[in-house]
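Got a predicted structure plus its sequence, pasted below:
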Amino acid sequence: MTITHFKNTATQALGDATPVAVPLGEPLAATRSHSVERADGVETGVWECSPGRWRRQIVQQEFCHFVAGRCTFTPDGGEPIEIRAGDALMLPANSTGVWDIQESVRKTFVLID
């Protein structure tokens, strides 16, 4: 058994910033992350995003807990969900929609194939 320990996720060192894949205007949001993927297809880590709007492209089911920031997620065909530090989401597989990051967010996440 291997235990993965992400020590102090609020200050965890993350990789280089990369632009989001499908931006929707300015400012252009950028993400940074640190994650580990297991052989069984489960990925977990810490993720951060700067302000901006973009389309969600993740096909896996995702559980995430926001440790900093403020944003809105509007699922396609659904109502906007206001998210603040301390909130958590469980997104079903193939959840699509628009992220609107108002204040840089940081979250821990688990992606499940």
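Cool, got the structure. Residues are numbered from 1 along each chain as shown.

which residues does the closest residue to residue 27 other than its chain neighbours bridge with?
Distance criterion CB to CB, 6 or more residues apart in numbering; nearest residue to residue 27, sequence neighbours excluded, is residue 52 at 4.9 Å. C-betas here are computed from N, CA, C, even on glycine. For residue 52, the beta-bridge partners are residue 101 (DSSP bridges).

Going along the chain, name the strands of this protein.
Using DSSP state E, the strands of the chain run over residues 18-19, 30-37, 43-49, 52-55, 61-75, 81-84, 88-91, 97-112.

Could you dump these into CSV and include distance to residue 2, mean neighbour count and mean pLDDT?
CSV is the format used below for the strands of the chain (distance: least, CB to CB, whole Å; neighbours: other CB atoms under 10 Å; pLDDT from 0 to 100):
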stretch, distance to residue 2, mean neighbour count, mean pLDDT
strand 18-19, 27, 12, 96
strand 30-37, 9, 16, 95
strand 43-49, 12, 19, 97
strand 52-55, 33, 19, 98
strand 61-75, 20, 17, 98
strand 81-84, 31, 15, 98
strand 88-91, 24, 14, 97
strand 97-112, 15, 18, 97
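
looking at those, which is closest to residue 10?
strand 61-75 (5.2 Å; CB to CB).

partners of the closest one, with directions?
With DSSP bridges as the test, strand 61-75 is paired with strand 81-84 (antiparallel), strand 88-91 (antiparallel), strand 97-112 (antiparallel).

still on that earlier bit, could you dump the strands of the chain to TSV with distance to residue 11?
TSV is the format used below for those (distance: least, CB to CB, whole Å):
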stretch	distance to residue 11
strand 18-19	20
strand 30-37	12
strand 43-49	10
strand 52-55	23
strand 61-75	10
strand 81-84	19
strand 88-91	20
strand 97-112	9
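
So for residue 12, which of these sits nearest?
Checking the strands of the chain against residue 12 by CB to CB gives strand 43-49 as the closest, at 4.6 Å.
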